[in-house]
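[1] How does the following fold in three dimensions:
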Amino acid sequence: MTLKTILAAATLAALGTGLAAQEVKIGIAAEPYPPFASLDSSGTWVGWEVDVIDAVCKAAELNCVITPVAWDGIIPSLTGGQIDAIMASMSITEERMKTIDFSDPYYNTPTVVVADKAVDIDATPEGLKGKIIGVQASTIHQAYAQEYFKDAAEIRIYQTQDEANQDLVAGRIDATQADSIAMADFVSTDAGACCEIKGNVADDPAILGLGVGAGVRKGDDALREALNKGIAAILADGTHAEITARYFKASIY
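    The predicted model follows:
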């Protein structure tokens, strides 16, 4: 057992050395998703998830380059080799794990329904009966709405959450469903001041997942373990909490 342990450690060290010497392309969604990732006035990507990517890669001794990719093509970009990992608020779900592997989770937040303050809506099929709900394409929110709300509400699909938010403000849809942190950020802005969070949807881990992790290609165990090492390190040394405190009032892990 001792020899096996030594050999395993040596193999992992060798793999880590190889990773450190190469550029690791971290795919994020090209569409803005504040406060997790968005472009500032100088064209630089900023946000909580961008800071976490930087911290994880530093802790794991990886040479990471942030690479924006359209959300609906981000998994094909990973499997096709255009990027090496996805860190774009992607939930760890059974369906996605058929195609890609995931690191350990680095955050986990509830899913909510948002609507105009004056509209009587809640986050249930009954509460959305006869309404139009907008969701982003290729997300857990689309999958959830199509499973739970299809018999009660009309479901409208958008390429970005920002487009759904704009139609909500304009009155073209009655509600939208998305991550609680992103929507809390939206309703706190002047653009989203018309609206409020109406409640959390009922949890379904099979659809909503087990938290957000970094996606890697099937069998890329060296990169997955390196990212796990980085995630564990920033959780242990307080870096994750320090980054979170810049953006949020409470932990999102």
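
[2] Closest to the centroid, which residue in the chain?
    Ranked by distance to the mean C-alpha position of the chain (Cα atoms, centre = their mean), the top residue is S89 at 0.9 Å.

[3] sec struct for it, please.
    coil (DSSP: H, G, I helix; E, B strand; the rest coil).

[4] how close does it sit to D220?
    Distance of S89 to D220, given as Cβ to Cβ, to the nearest Å: 20 Å. The way it works is simple: take the backbone N, C-alpha and C, and place the C-beta from them, glycine included.

[5] Show me where this protein has its strands.
    23-29, 38-39, 45-46, 63-69, 85-86, 100-107, 111-116, 132-136, 154-158, 175-179, 195-200, 212-217 (DSSP state E).

[6] quick check: angle from the first one to strand 212-217?
    Spelled out, it's strand 23-29. 130 degrees (axes from the mean of the first three to the mean of the last three Cα atoms, to 10 degrees).

[7] For the remainder of this discussion, apply numbering that starts at 13.
    All set: I'll call the first residue 13, so the last point we hit is now strand 35-41.

[8] Alpha carbons of strand 35-41, as PDB, please.
    Below are the C-alpha coordinates for strand 35-41, written out as PDB (Å, rounded to 0.1, in the frame of the first residue of the first chain):
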ATOM      1  CA  GLU A  35      -1.900  27.300 -21.100                       C
ATOM      2  CA  VAL A  36      -5.300  26.300 -19.700                       C
ATOM      3  CA  LYS A  37      -8.200  28.000 -21.400                       C
ATOM      4  CA  ILE A  38     -11.000  28.600 -19.000                       C
ATOM      5  CA  GLY A  39     -14.300  29.100 -20.800                       C
ATOM      6  CA  ILE A  40     -16.800  31.600 -19.500                       C
ATOM      7  CA  ALA A  41     -20.100  32.800 -21.100                       C
END
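
[9] Buried ones in that strand, by neighbour count?
    V36, K37, I38, G39, I40, A41 (16 or more other Cβ atoms under 10 Å).

[10] between those residues, which is closest to I243?
    I38 (13.1 Å; Cβ to Cβ).

[11] Got the confidence number for the closest one?
    pLDDT, I38: 98.

[12] So G225 versus G242, what's the distance?
    For G225 relative to G242 (Cβ to Cβ), the value is 12 Å.

[13] can you list the domain ranges for this protein.
    According to automatic domain parsing, the chain comprises the domains 14-120+222-259, 123-220.

[14] distance between the ends of stretch 212-227?
    Here the two ends of stretch 212-227 are set 26 Å apart, with distance taken as Cα to Cα, to the nearest Å.

[15] Tell me the buried residues in that stretch?
    Under the neighbour-count criterion of 16+ other Cβ under 10 Å, stretch 212-227 has V213, I219, L220, G221, L222, G223, V224, G225, A226, G227 buried.

[16] Check those and tell me the two furthest apart.
    It's V213 and A226 that sit farthest apart of those, by Cβ to Cβ, at 24.7 Å.

[17] Spit out the contact partners of G211.
    V124, V125, D134, A135 (Cβ atoms under 8 Å, 6 or more residues apart in numbering).

[18] my guess is the third one meets V126, correct?
    No. With contacts defined as Cβ atoms under 8 Å, D134 does not count as touching V126, sitting 11.4 Å away.

[19] of those two, who's got more company?
    V126 (27 against 14; other Cβ atoms under 10 Å).

[20] Give the full set of residues in contact with the more buried one.
    Contacts of V126 (Cβ under 8 Å, 6+ apart): L180, A187, T188, Q189, A190, M195, F198, V199, C207, E208, I209, K210.

[21] roughly how far apart are it and S54?
    Distance from V126 to S54, by Cβ to Cβ: 30 Å.

[22] for L222, same thing?
    On the measure of Cβ to Cβ, L222 and S54 end up 36 Å apart.
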